[in-house]
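**Q** Please find the sequence and the predicted model below.
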2 protein chains.
Amino acid sequence: MERYDIAIIGTGPAGVSAAITATVRNKRVLLLGSARMSDKVGKAHQVDNYPGLPHISGADFAARLKAHLDEMGIAITEKRVGAVYAMGDYYALQLDEDMVEASTVILATGVVSAKSLPGEERFLGRGVSYCATCDARLYRGKTVAVLGSAADAAEEAEFLAQVVEKVLYFPVGKAPEPKEGANLVIVRELPEAVLGEKAVTGLKTREGEHRVDGVFILRDAVQADRLVPGLRMDENHVAVDLMMRTNLPGCFACGDIAGKPYQYVKAAGQGNVAALSAVSYLAETAKAKEE
Amino acid sequence: MERYDIAIIGTGPAGVSAAITATVRNKRVLLLGSARMSDKVGKAHQVDNYPGLPHISGADFAARLKAHLDEMGIAITEKRVGAVYAMGDYYALQLDEDMVEASTVILATGVVSAKSLPGEERFLGRGVSYCATCDARLYRGKTVAVLGSAADAAEEAEFLAQVVEKVLYFPVGKAPEPKEGANLVIVRELPEAVLGEKAVTGLKTREGEHRVDGVFILRDAVQADRLVPGLRMDENHVAVDLMMRTNLPGCFACGDIAGKPYQYVKAAGQGNVAALSAVSYLAETAKAKEE
């Protein structure tokens, strides 16, 4: 299996900055995220404090980041990351139905603003999933709920409907909605809890209860310690040091996910540091292997 | 005496970024440094990894930073900072022959690459000075050595010659040299140590010894803990946390002075964080006073 030097998850200013610096340093980079760049950036009204680009709109800023990537020949891989596993001297990333390997990982996924649902954490991996493409086949012949707030939640739900018996789609926020069909129903109720004993058996809403075998929670970002088992958090953020190192060797974090303030230039700066720390880590581990 | 909210020392990417963000947040900012911006930036051949500005020359980047300041109406005060004293609830800054006050200080002076001279630290304040304009009058009727590596060392030496009895100028590196005159002599020898017992009595060079009453060491940057007595260092860098706080309440550091990597976007990101930390500190102290 091909192994990247550095897998970067997220295409906001932190992830883009990390990808640029890692590429300048001649590393094999896999940049994962939305090609429309960070939604947060694109929707920003105006950015006044990114030094060198006074009074730039969020959309223009996102376009400039994209242009910088294009000019350096850095591609964005638009796959949803289901999980990242520390395998000792490398990381295994679950991307839709594929697995890829990378020697190091840089987390730049932004912060999860939504609170988690009661039962969500408890049933993670036992009926709760963050990735339709990854786990759809586990629910052949079954009924699943989709809680859709991610920009691509509608697409994912439509894909699920091709595989599973029935999809109940609960719109959350302003994300585009899927087309209803024979086995895809939109339910306009407010999800309140995931129900079950050993595994998921239902979804409780403000309005009632639904029997389901699985709950797909499709947010734009997954809380980092659920994405990367074993990752140490500091409340809602990944715990990092000044070099953007996490508690897992070879795993770095930057941008909003690494703490406040939530600012573009801070994110870009941390992305740069994370990339150079990954470069140093790669050099050290290569040297250790030679000895 | 007027008191600024935030005094920012340094006009590289870190200081400029801090000034921009502090101004966006409506703080009274004093930005101290060279109006030609950081020399390091201006001389950089090409910057490839400042996200949003691909393949920009150092000179163009410096011009963009300056334009951003101009557009926001942020002035640069071109005075040399002789010392920064923590006074309890504010800081006193010695600027040439003036003193100014600021509630908070952000250090963004870059790193000192030169090693310090034997005797330099020992005789600091007892014959060793980093600021001609600040300390010239202490040497009326006396002989001083000037070790000039700063861009403005020649000017400072010429000013000293107007005040003191005699100036021996030792050129260090490639800085412009002063005009020789009746009491200003250029000595092409390599300084090796500051000599003295209780106070400075001479300068040792590779070639010999010179009797002097004072030694002015005019580098582009002064090591931070000498500029700010009591500041905690981590080897050559100011010790900071992720919010760019130093051990002194109300004093922040960012950019190269706060540690590696020495990168523009990292510096700009840290400047932003330092400014927002200063803003928070101002709010907290204002609140504490009200209570």
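**A** Cool, the structure landed.

**Q** ok, residue A:91 to residue A:238 distance?
**A** 15 Å (CB to CB, to the nearest Å). Where you see a C-beta, it was placed from the backbone N, CA and C, and this is true even at glycine.

**Q** how close does residue A:185 get to residue A:18?
**A** 41 Å.

**Q** With neighbour numbers in mind, choose between those two.
**A** Using other CB atoms under 10 Å in any protein chain shown, the more surrounded residue of residue A:185 and residue A:18 is residue A:18, with 36 against 13.

**Q** Quick one: classify the more buried one as helix, strand or coil.
**A** Counting by DSSP: H, G, I helix; E, B strand; the rest coil, the backbone at residue A:18 sits in helix.

**Q** list the contacts for it?
**A** Residue A:18 is in contact with A:6, A:8, A:106, A:108, A:254, A:271, A:272, A:274, A:275, A:278, counting by CB atoms under 8 Å, 6 or more residues apart in numbering or on different chains.

**Q** which of residue A:91 and residue A:238 has more neighbours?
**A** residue A:238 (28 against 23).

**Q** Tell me the residues of the stretch 1-150 of chain A that contact chain B?
**A** A:13, A:16-17, A:20-21, A:24, A:48-55, A:61, A:64-65, A:67-68, A:71-72 (CB under 8 Å from any CB of the partner chain).

**Q** again, only using 10 Å
**A** Residues of the stretch 1-150 of chain A found near chain B (CB under 10 Å from any CB of the partner chain) are A:13-25, A:47-56, A:60-65, A:67-72.

**Q** The residue in chain A positioned nearest to chain B: neighbour count?
**A** Closest to chain B within chain A is residue A:269: 1.8 Å, counting by CB to the nearest CB. Close neighbours of residue A:269, defined as other CB under 10 Å, add up to 35.

**Q** My read is that residue A:185 contacts residue A:167, right?
**A** Yes. Residue A:185 is within contact range of residue A:167, at 7.2 Å (criterion: CB atoms under 10 Å).

**Q** mind checking the SS state of residue A:156?
**A** Assigned with three-state DSSP, residue A:156 falls in the helix class.

**Q** So for it, what's the pLDDT?
**A** Looking at residue A:156, its pLDDT stands at 89.

**Q** Show the contacting residues for the nearest residue to it once chain neighbours are set aside.
**A** Sequence neighbours aside, residue A:132 is the residue nearest to residue A:156 in space, at 3.9 Å (criterion: CB to CB, 6 or more residues apart in numbering or on different chains). Contacts for residue A:132 (CB atoms under 10 Å, 6 or more residues apart in numbering or on different chains) come out as A:80, A:82, A:96, A:139, A:144, A:146, A:148, A:152-153, A:155-161, A:163-164, A:167, A:214, A:216, A:218.

**Q** go on, residue A:127?
**A** By CB under 10 Å, 6+ apart, the contact list for residue A:127 reads A:119, A:135, A:138-139, A:142, A:144-145, A:194-196, A:198-202, A:212-216.

**Q** Buried among the residues you listed? Need that as a selection in PyMOL.
**A** The following PyMOL line selects those of the contacts of residue A:127 that are buried, judged by 16 or more other CB atoms under 10 Å in any protein chain shown:
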select buried, chain A and resi 119+135+139+144+145+194+195+196+200+202+212+213+214+215+216
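
**Q** returning to that earlier point: report the buried members of the residues of the stretch 1-150 of chain A next to chain B.
**A** The buried subset of the residues of the stretch 1-150 of chain A next to chain B - by 16+ other CB under 10 Å - is A:13-23, A:25, A:47, A:49-54, A:56, A:60-65, A:68-69, A:72.

**Q** Among those residues, which are located in helices?
**A** Cross-referencing these against helices under DSSP state H gives A:13-23, A:60-65, A:68-69.

**Q** which stretches of the stretch 51-200 of chain A form helices?
**A** A:58-71, A:132-135, A:153-163 (DSSP state H, counting those that start in this stretch).

**Q** how about those, which one is nearest residue B:126?
**A** Distance to residue B:126, taken as CB to CB, is lowest for helix A:58-71 among those, at 52.1 Å.

**Q** where's the closest one relative to the chain centroid, distance-wise?
**A** Centre-to-centre, helix A:58-71 and its host chain are 20 Å apart (CA atoms, centre = their mean, to the nearest Å).

**Q** My guess is residue A:79 contacts residue A:156. True?
**A** No. Contact criterion CB under 10 Å: residue A:79 and residue A:156 do not qualify, at 11.8 Å.

**Q** okay, and the common contacts of these two?
**A** Common contacts of residue A:79 and residue A:156 (CB under 10 Å, 6+ apart): A:96, A:131, A:133.

**Q** Okay, residue A:55 and residue B:63: tell me how far apart.
**A** In terms of CB to CB, residue A:55 sits 17 Å off from residue B:63.

**Q** just residue A:76 next, same as before
**A** With CB to CB as the criterion, residue A:76 and residue B:63 are 31 Å apart.

**Q** what does residue A:179 give?
**A** Distance, residue A:179 to residue B:63, by CB to CB: 52 Å.

**Q** And for residue A:229?
**A** 48 Å.

**Q** now do residue A:218
**A** Distance, residue A:218 to residue B:63, by CB to CB: 45 Å.

**Q** next one: residue A:99
**A** Taken as CB to CB, the span from residue A:99 to residue B:63 is 47 Å.

**Q** do the same with residue A:97
**A** Applying CB to CB, the value for residue A:97 to residue B:63 is 50 Å.

**Q** repeat for residue A:275
**A** Applying CB to CB, the value for residue A:275 to residue B:63 is 26 Å.

**Q** Let me know how buried the closest residue to residue A:204 other than its chain neighbours is, in neighbour terms.
**A** Nearest residue to residue A:204, sequence neighbours excluded (CB to CB, 6+ apart): residue A:193, at 4.3 Å. The tally of other residues near residue A:193 (other CB under 10 Å) stands at 15.

**Q** what's the offset of the helix ranked longest in chain A from the middle of its chain?
**A** The longest helix of chain A (DSSP H) is helix A:264-290. Centroid separation between helix A:264-290 and its chain, computed with CA atoms, centre = their mean, is 20 Å.

**Q** ditto for stretch A:282-291
**A** 30 Å.

**Q** Give me the buried stretch members for that stretch, please.
**A** Neighbour-count burial for stretch A:282-291, counted by 16+ other CB under 10 Å, picks out A:282, A:285.

**Q** Is chain B within reach of it?
**A** No. If you take CB under 10 Å from any CB as the test, stretch A:282-291 misses chain B, and the best it gets is 13.6 Å.

**Q** coming back round to it: please name every helix or strand in contact with the longest helix of chain A.
**A** Packed against helix A:264-290 by the contact rule (3 or more CB pairs under 10 Å, 6 or more residues apart in numbering or on different chains; DSSP states H and E) you find strand A:3-9, helix A:13-24, helix A:39-43, helix A:58-71, strand A:98-107, strand A:251-253, helix B:13-24, helix B:264-290.

**Q** Please repeat the previous calculation with a cut-off of 7 Å.
**A** helix A:13-24, strand A:98-107, strand A:251-253, helix B:264-290 (3 or more CB pairs under 7 Å, 6 or more residues apart in numbering or on different chains; DSSP states H and E).
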